[in-house]
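Novice: got a sequence here, can you build the structure:
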Amino acid sequence: MGSPSHPLAIRADAGARMGTGHLMRCLALAQAWHDAGGSCVFLAAELPAALEDRLATEGMPVRRVRAEPGSAADAEQTARLARATGAAWVVVDGYGFGTSFQRALKQAGLWVLAHDDYGHCDHYHADLVLNQNLHAEEAPYRRREPSTRLLLGTDYVLLRREFLAYGDWERAIPGVGRKVLVTLGGADPENITERVIPALGMVPIEGLEAVVVVGGSNPHLNALRGTVARSGLRCELRVNVSDMAGLMAWADAAVTAGGSSVWELARLGVPALGIGRAPQETQLLRGAAARGMVIDLGFHRDVTPELIAVRLARLLRDPAERARLSQTSRRMVDGMGPRRVLQAMSETEQGPARA
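Specialist: Reported below is the predicted structural model:
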């Protein structure tokens, strides 16, 4: 794709209820757009201050949407704000941006890229529908416009610059792993992290170290600080981390949720235990486990500290298993996703003129 001739508008929210995954994968696409020579603006109805500051450091301004997310008023404001910034493309990422929302943006004369994880729309009007999951297939998207193009599978995984910088990096696999990264989403409303910390104390491996990463929108942050302080573990709690890739490179293993962090860990070849927080995450982890990328512990309500401890200890003591998981996951996520998505956007622009 050549240098974009117009800004990119991204409509995505983040917060304690929905987490930060939608916005952070959009940030990866925005960075790629920037690197190609374009500019980007984020349109948000809900956005924690820490994430707005993060976008500001990236040179990406935020315009506020003053409407119920996913509503007709939201669609109208999104189209107006996109046009005011000179954008021709709007990227939407969130389960509320359904059929009528996409149709309204198209009727406003905009190109639309819609992120999707499980086929949540009755009908798709977007020019491009992106589902970067292993289980992505055409069947949920049969009800779509003839011009709608599907971008399906891990070839289109969107990774931020920090992960792409590790393209030729080689992971060392020690005989016994002792460095554990815990990353259960930017919000973790179910507070799964509270179960993982005591599990670390049950792992009978001398010299175990852990870094627990949480987002600033985590509603349990103060309680987690107390849990870590009382644990007696070599455990560090970090908030609003800007270099997740560096932590993933440090870790011998990870405990993760079933969102975008699965693909980030895969690119860095981190052997991981996965815990699903929602049906789509459970499906993602089940598929990733079937491909030999992660160890799936199941839905969070069924996961106990004891189970986490047993499976983590087994993984840390098994260098062959860690090597297998690492090599398989790196093969599945090659880091070229942002470039492929930009190319698809460019091809869309070069296609038939918009109505």
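Novice: how many neighbours does residue 12 have?
Specialist: 27 (other Cβ atoms under 10 Å). Bear in mind the C-beta positions are built from the backbone N, C-alpha and C, glycine included.
Novice: what does the pLDDT read for it?
Specialist: pLDDT, residue 12: 97.
Novice: what's the answer for residue 86, then?
Specialist: 96.
Novice: quick one: secondary structure of it?
Specialist: Recorded secondary structure, residue 86: coil (DSSP: H, G, I helix; E, B strand; the rest coil).
Novice: next one: residue 298
Specialist: strand.
Novice: identify the residues contacting the residue lying closest to it once chain neighbours are set aside.
Specialist: Counting by Cβ to Cβ, 6 or more residues apart in numbering, residue 276 is the residue found nearest to residue 298 once chain neighbours are left out, at 6.6 Å. Going by Cβ atoms under 8 Å, 6 or more residues apart in numbering, residue 276 touches 257, 258, 282, 284, 285, 296, 298, 299, 300.
Novice: could those residues go into a markdown table alongside pLDDT?
Specialist: Shown next, in a markdown table, are the contacts of residue 276 (pLDDT from 0 to 100):
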| residue | pLDDT |
| --- | --- |
| 257 | 95 |
| 258 | 93 |
| 282 | 93 |
| 284 | 93 |
| 285 | 96 |
| 296 | 98 |
| 298 | 97 |
| 299 | 96 |
| 300 | 96 |
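Novice: on the pLDDT front, check the residue nearest to residue 298 for me.
Specialist: At residue 276, pLDDT is 95.
Novice: does it have beta-bridge partners, and which?
Specialist: residue 299 (DSSP bridges).
Novice: filter the contacts of residue 276 down to the buried ones.
Specialist: Buried members of these, scored by 16 or more other Cβ atoms under 10 Å, are 257, 258, 282, 284, 285, 296, 299, 300.
Novice: would you confirm that the last one contacts residue 285?
Specialist: Right, residue 300. No - between residue 300 and residue 285 there is no contact under Cβ atoms under 8 Å: 10.8 Å.
Novice: show me where the protein has its helices.
Specialist: For the chain, the helices defined by DSSP state H cover 21-35, 49-57, 72-84, 99-107, 161-164, 193-201, 221-231, 244-250, 261-267, 279-290, 305-316, 319-332, 337-349.
Novice: tell me the most buried of those helices?
Specialist: helix 261-267 (a mean of 26; mean count of other Cβ atoms under 10 Å).
Novice: got the CA coordinates for it in PDB?
Specialist: The C-alpha coordinates for helix 261-267 follow below in PDB (Å, rounded to 0.1, in the frame of the first residue of the first chain):
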ATOM      1  CA  SER A 261      -3.000 -11.400  24.000                       C
ATOM      2  CA  VAL A 262      -3.100 -15.000  22.700                       C
ATOM      3  CA  TRP A 263      -1.800 -13.700  19.400                       C
ATOM      4  CA  GLU A 264       0.800 -11.500  21.000                       C
ATOM      5  CA  LEU A 265       2.100 -14.400  23.100                       C
ATOM      6  CA  ALA A 266       2.100 -16.500  20.000                       C
ATOM      7  CA  ARG A 267       4.300 -14.100  18.000                       C
END
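Novice: what packs against that helix?
Specialist: Under the contact criterion of 3 or more Cβ pairs under 8 Å, 6 or more residues apart in numbering; DSSP states H and E, helix 261-267 touches helix 161-164, helix 244-250, strand 253-257, strand 272-276, helix 279-290, helix 319-332.
Novice: hang on, the earlier thing: any residues in contact with both of residue 300 and residue 285?
Specialist: Jointly contacting residue 300 and residue 285 under the rule Cβ under 8 Å, 6+ apart are 275, 276.
Novice: with distance to residue 124 added, can I get the helices of the chain in TSV?
Specialist: Below are the helices of the chain laid out as TSV (distance: least, Cβ to Cβ, whole Å):
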stretch	distance to residue 124
helix 21-35	17
helix 49-57	28
helix 72-84	15
helix 99-107	7
helix 161-164	29
helix 193-201	35
helix 221-231	38
helix 244-250	31
helix 261-267	23
helix 279-290	17
helix 305-316	38
helix 319-332	26
helix 337-349	14
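Novice: residue 134 is nearest to which of these?
Specialist: Proximity to residue 134 (Cβ to Cβ) singles out helix 279-290 among the helices of the chain, at 4.3 Å.
Novice: tell me what that closest one is packed against?
Specialist: In terms of contacts (3+ Cβ pairs under 8 Å, 6+ apart), helix 279-290 is packed against helix 261-267, strand 272-276, strand 295-299.
Novice: which residues touch the longest one?
Specialist: Translated: helix 261-267. Contacts for helix 261-267 (Cβ under 8 Å, 6+ apart): 21, 132, 154, 157, 159, 163-164, 166, 183, 185, 244-245, 248, 254, 256, 272, 274, 284-285, 288, 293-294, 329-330, 332-333, 335.
Novice: same deal with stretch 280-300?
Specialist: With contacts defined as Cβ under 8 Å, 6+ apart, stretch 280-300 is touched by 117-118, 133-135, 190, 192, 256-259, 262, 265-266, 271-277, 303, 307-308, 311, 315, 324-325, 328-329, 332.
Novice: can you check stretch 137-155 too?
Specialist: With contacts defined as Cβ under 8 Å, 6+ apart, stretch 137-155 is touched by 116, 118-119, 121-134, 136, 263, 332-334, 336-337, 340-341, 344, 348, 351-352.
Novice: repeat that for stretch 219-233.
Specialist: Here stretch 219-233 makes contact (Cβ under 8 Å, 6+ apart) with 16, 187-189, 191, 193-194, 197-198, 200-201, 208, 210, 212, 214, 218, 235-237, 239.
Novice: which ones among those residues lie within strands?
Specialist: 210, 212, 214, 235, 236, 237, 239 (DSSP state E).
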